[in-house]
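[1] Sequence below, structure please.
(chains A and B)
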Amino acid sequence: MTIDWSAFTPLPSLLGGLLIGLAAVLFILLNGRIAGISGILGGLLRPRAGDIAWRLAFVAGILVAPLLWGLAGALPAITVDAGYPLLIAAGLLVGISTRYGAGCTSGHGVCGLSRLSPRSLVATLAFMASGFVTVYIIRHVLGG
Amino acid sequence: MNRYLVSAFAVGLLFGLGLLTSGMANPAKVLGFLDLAGAWDPSLALVMGGAVAVGLVGFGFAGKRALSLLGAPLQVPTRRDIDRPLVLGSLGFGIGWGLAGFCPGPALVALGAGELKAAVFTLAMLAGMGVYEVLQRPAWG
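    As a prediction, the model looks like this:
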């Protein structure tokens, strides 16, 4: 393993992580809800009375974040190397899998680990492992 | 306006700003973290470490409460069983994450930033969630 020190951004990443953790904590403390993005989005596809608006408000907040950032300064780079067929395949897989797996990086990785949930620990280890293997295969076996 | 909607919007905003600050909204950086065998960028370990450090304290405090500070019931998952959908779903999620470098939150942030590719990913993700809803719906009749 070689570490790419030129790409390593310890302070912004730690600060961003603290903000993400703070948001997750505020959501359970104020709204009594888990800040899991896949679950919040998925619930919009199973509409129940009184269960829609808060999801839309949360999603709107995320969507507005880059606009607010843009008022203060230049947005950080967002580089997407994947082509459209791969993006569609990845999106479909992430969508269906996070619903079966009952969470993603936020719901399991942040909230679940913070709650010391055994299910979330297993889920996080599983998606980290398959993420590592997938990138290994794409970059070092297929050489894409 | 409903105070729960105000707080949901504000928390979503903070969450999105955190993702932008951390670098997680950038798929190239995410893939740099997932590429253990290449030139590895360990930054995202600090994102998760920082988030969970705050979360452990906050959820530890919240967990003792029945109601939120705004008076809503705390809705926290109670299941502890490790079942097949959890494991297979999570493995599948990791594959999709590794294919493009997007997970759901960062995809929404990049969509808000006007990235066309994030819009395509997000639409496909919502379609995938729709497939789940159809497959999980009880059989007709």
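
[2] what residues are up against the residue nearest to the spatial centre of chain A?
    When C-alpha atoms, centre = their mean is applied to chain A, the residue found nearest the centroid is residue A:105 (4.5 Å). Shown in contact with residue A:105 (C-beta atoms under 8 Å, 6 or more residues apart in numbering or on different chains): A:127, B:97, B:103, B:104, B:105. C-beta: built from backbone N, CA, C; applies to glycine.

[3] Next, count neighbours for residue B:18.
    A count of nearby residues for residue B:18, using other C-beta atoms under 10 Å in any protein chain shown, gives 28.

[4] mind listing what it touches?
    A:16, A:17, A:18, A:19, A:20, A:21, A:22, A:23, B:51.

[5] make it 7 Å
    A:16, A:19, A:20, A:23 (C-beta atoms under 7 Å, 6 or more residues apart in numbering or on different chains).

[6] Tabulate the residues you listed (JSON lines), appending secondary structure and neighbour count.
    Formatted as JSON lines, the contacts of residue B:18 follow (DSSP: H, G, I helix; E, B strand; the rest coil; neighbours: other C-beta atoms under 10 Å in any protein chain shown):
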{"residue": "A:16", "secondary structure": "helix", "neighbour count": "27"}
{"residue": "A:19", "secondary structure": "helix", "neighbour count": "23"}
{"residue": "A:20", "secondary structure": "helix", "neighbour count": "32"}
{"residue": "A:23", "secondary structure": "helix", "neighbour count": "28"}
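
[7] what's the most distant pair in those?
    A:16 and A:23 (10.6 Å; C-beta to C-beta).

[8] quick one, helices of the chain?
    Reading this off chain A. A:10-30, A:37-44, A:53-72, A:84-100, A:113-114, A:118-136 (DSSP state H).

[9] The intended chain is chain B.
    Under DSSP H, chain B gives helices at B:3-22, B:27-34, B:43-62, B:84-100, B:104-112, B:116-136.

[10] The contacts of residue B:18: which ones sit near chain B?
    A:16, A:19, A:20, A:23 (C-beta under 7 Å from any C-beta of the partner chain).

[11] Identify, from those residues, the entry nearest to residue B:116.
    Nearest to residue B:116 among those, with distances taken as C-beta to C-beta, is residue A:16, at 24.1 Å.

[12] Spatially nearest residue to that closest one (excluding sequence neighbours)?
    residue B:22 (2.4 Å; C-beta to C-beta, 6 or more residues apart in numbering or on different chains).

[13] again, but for residue B:53
    residue A:21 (6.6 Å).

[14] ok, now which ones touch that neighbour?
    A:110, B:50, B:51, B:52, B:53, B:54, B:55.

[15] now that we have those residues, which one has the most neighbours?
    residue A:110 (34 neighbours).

[16] how far away is that one from residue B:15?
    10 Å (C-beta to C-beta, to the nearest Å).

[17] joint contacts of those two?
    residue A:20.

[18] ok, residue 30 - contacts?
    No chain was given, so I picked chain A. Contacts of residue A:30 (C-beta under 7 Å, 6+ apart): B:7, B:68, B:69, B:70.

[19] ah, no, chain B please
    Counted by C-beta under 7 Å, 6+ apart, residue B:30 has contacts B:24, B:44, B:101.

[20] The second one: neighbour count?
    In this case it means residue B:44. Residue B:44: 21 neighbours (other C-beta under 10 Å).

[21] my guess is it meets residue B:24, correct?
    Yes: proximity of residue B:44 to residue B:24 meets the contact threshold set by C-beta atoms under 7 Å, at 6.3 Å.

[22] Okay, now the unreliable bits of the chain?
    Using chain A here. A:144 (pLDDT under 70).

[23] try again with chain B
    Using pLDDT under 70, the flagged stretches of chain B are B:1, B:138-141.
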